[in-house]
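Peer 1: Need coordinates for the below:
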Amino acid sequence: MNKGQRGKKYLIKKFLMITLASVVYGAGISLLIDPNDLAPGGVSGLSVVLNRIIPLETGTIYLLINIPIMLLGIWKFGFRFIISTSWAILMISMSTNFFKPMGALTEQPILASIFGGVLSAAGIGYVMREGATTGGTDIIVKCLKLKKPHLKTGSLFLALDIVIILTGGIVFKNADSVLYSLISVAITSVVLDMILYGRDEAKMIFIISNASEPITARILEELDTGVTHLTGSGAYKKEGKQVILCAVKKANAYKVEEIVRQEDSNAFMIISNASEIYGEGYKSYFGERL
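Peer 2: Below is the predicted model:
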């Protein structure tokens, strides 16, 4: 398979995954969130609220709200990933309208908030893992950060979500919907973190050993993870040293330890927690930032 064929295959896989994730997201809105009068923040929550005020379908409102947001994103950040993000928004809009006539899967608000949050997180998470976004408040927050860089991203998201949730409570005239929406937001946040970053944090490992080559070879072969060689020197003997740097999922850290123990029991090894890692196999840097 040549480079062009691999690139085409990658793009097909990428857009199929974005499409599937967007359909899951739309199903969560139409089958659980919307019919139970929940507005768990974000553009989807705002779309549910506006659906009660203007005679347009929720998915259509979602698309219309995102159009000026996307134009703002293009103006501020350029065209990077605009195609995949636009496709995700279109698929979410269409699937939301498609599932709407099917009605609610459950009329129990607590179940709707829990499973609606799970489906929303799954949709958002797998879209973001493909380097796209679902548009909406993440672009707004990024623009606000340009003006007010001292503000924390999490605080901005929380503030926007609270405004939308409270607005939903007023429109629905139901305080319970506010509480259930907050539950849904919390569940979405937890599940999204699990999808994007995994259940466990990663480990960053530095290894200084005279057997750096066999250790490196085994890490590459047995764990299929990247390894970087750094050049250093001992301060006491002034001898040159090759330092192995690698980042692995927490569950695989013990495997690295075992490899090092077997190859060089006298190796010097430092293992530390890495709460955020960007790159292949971890978070998408551009997907997170746009």
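Peer 1: And the helices in this protein?
Peer 2: Secondary structure of the chain (DSSP state H): helices located at 3-28, 42-51, 58-77, 82-99, 109-129, 137-147, 153-172, 175-197, 212-218, 253-263, 285-289.
Peer 1: Dump those helices to CSV, plus mean neighbour count.
Peer 2: No exception for glycine: its C-beta is placed from N, CA and C like everyone else's. Formatted as CSV, the entries for the helices of the chain read as follows, by neighbours: other C-beta atoms under 10 Å:
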stretch, mean neighbour count
helix 3-28, 16
helix 42-51, 25
helix 58-77, 18
helix 82-99, 21
helix 109-129, 23
helix 137-147, 17
helix 153-172, 17
helix 175-197, 19
helix 212-218, 17
helix 253-263, 17
helix 285-289, 15
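Peer 1: Flag whichever of those has the least confidence on average.
Peer 2: The stretch with the lowest mean pLDDT among those is helix 285-289, which comes in at a mean of 47.
Peer 1: dump the residue contacts of the nearest residue to Pro35 once chain neighbours are set aside.
Peer 2: Once flanking residues are discounted, Pro35 sits nearest to Ala104: 3.7 Å by C-beta to C-beta, 6 or more residues apart in numbering. The neighbours of Ala104, taking C-beta atoms under 8 Å, 6 or more residues apart in numbering as the test, are 31-32, 35-36, 112.
Peer 1: With Pro214 instead?
Peer 2: Remark: with contacts taken as C-beta under 8 Å, 6+ apart, Pro214 is in contact with Glu263.
Peer 1: That one and Ile244: what is the separation?
Peer 2: Here Pro214 is placed at a distance of 11 Å from Ile244 (C-beta to C-beta, to the nearest Å).
Peer 1: Ile83 now?
Peer 2: Looking at Ile83 against Ile244, where the rule is C-beta to C-beta, the gap reads 39 Å.
Peer 1: any idea how the chain splits into domains?
Peer 2: When the chain is parsed with automatic domain parsing, its domains come out as 3-197, 202-274.
Peer 1: first vs last residue of the shortest one, how far apart are they?
Peer 2: In other words, domain 202-274. Distance between the two ends of domain 202-274: 5 Å, counting by C-alpha to C-alpha, to the nearest Å.
Peer 1: Check the offset of it from the chain's centre.
Peer 2: 29 Å (C-alpha atoms, centre = their mean, to the nearest Å).
Peer 1: Likewise for the first one?
Peer 2: The chain centroid and the centroid of domain 3-197 are separated by 12 Å, computed with C-alpha atoms, centre = their mean.
Peer 1: Pull the contacting residues for the closest residue to Cys246 other than its chain neighbours.
Peer 2: Among residues not flanking Cys246 along the chain, Val227 sits closest, at 4.8 Å (C-beta to C-beta, 6+ apart). If a contact means C-beta under 8 Å, 6+ apart, then Val227 has 216, 219-220, 244-246 as its contacts.
Peer 1: among these, which are in strands?
Peer 2: With strands defined by DSSP state E, the entries of those inside them are 244-246.
Peer 1: Can you tell me which of those residues are buried?
Peer 2: 244, 246 (16 or more other C-beta atoms under 10 Å).
Peer 1: how about a markdown table for the ones in strands among the contacts of Val227, with pLDDT and distance to Gln262 added?
Peer 2: A markdown table is the format used below for the ones in strands among the contacts of Val227 (pLDDT from 0 to 100; distance: C-beta to C-beta, whole Å):
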| residue | pLDDT | distance to Gln262 |
| --- | --- | --- |
| Ile244 | 93 | 15 |
| Leu245 | 93 | 20 |
| Cys246 | 90 | 16 |
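Peer 1: Looking at the ones in strands among the contacts of Val227, spot the one nearest Lys8.
Peer 2: For Lys8, the closest of the ones in strands among the contacts of Val227 turns out to be Cys246, at 31.7 Å, with distances computed as C-beta to C-beta.
Peer 1: wouldn't that closest one be in contact with His229 here?
Peer 2: No - contact status for Cys246 versus His229: not in contact, 10.1 Å apart, counting by C-beta atoms under 8 Å.
Peer 1: pretty sure Met128 is touching Asp138, no?
Peer 2: No - with contact defined as C-beta under 8 Å, Met128 and Asp138 do not form a contacting pair (9.0 Å).
Peer 1: confidence score at the nearest residue to Ser209 once chain neighbours are set aside?
Peer 2: Nearest in space to Ser209, with sequence neighbours left out and distances taken as C-beta to C-beta, 6+ apart, is Ala267 at 3.7 Å. The score at Ala267 is 90. That number is its pLDDT.
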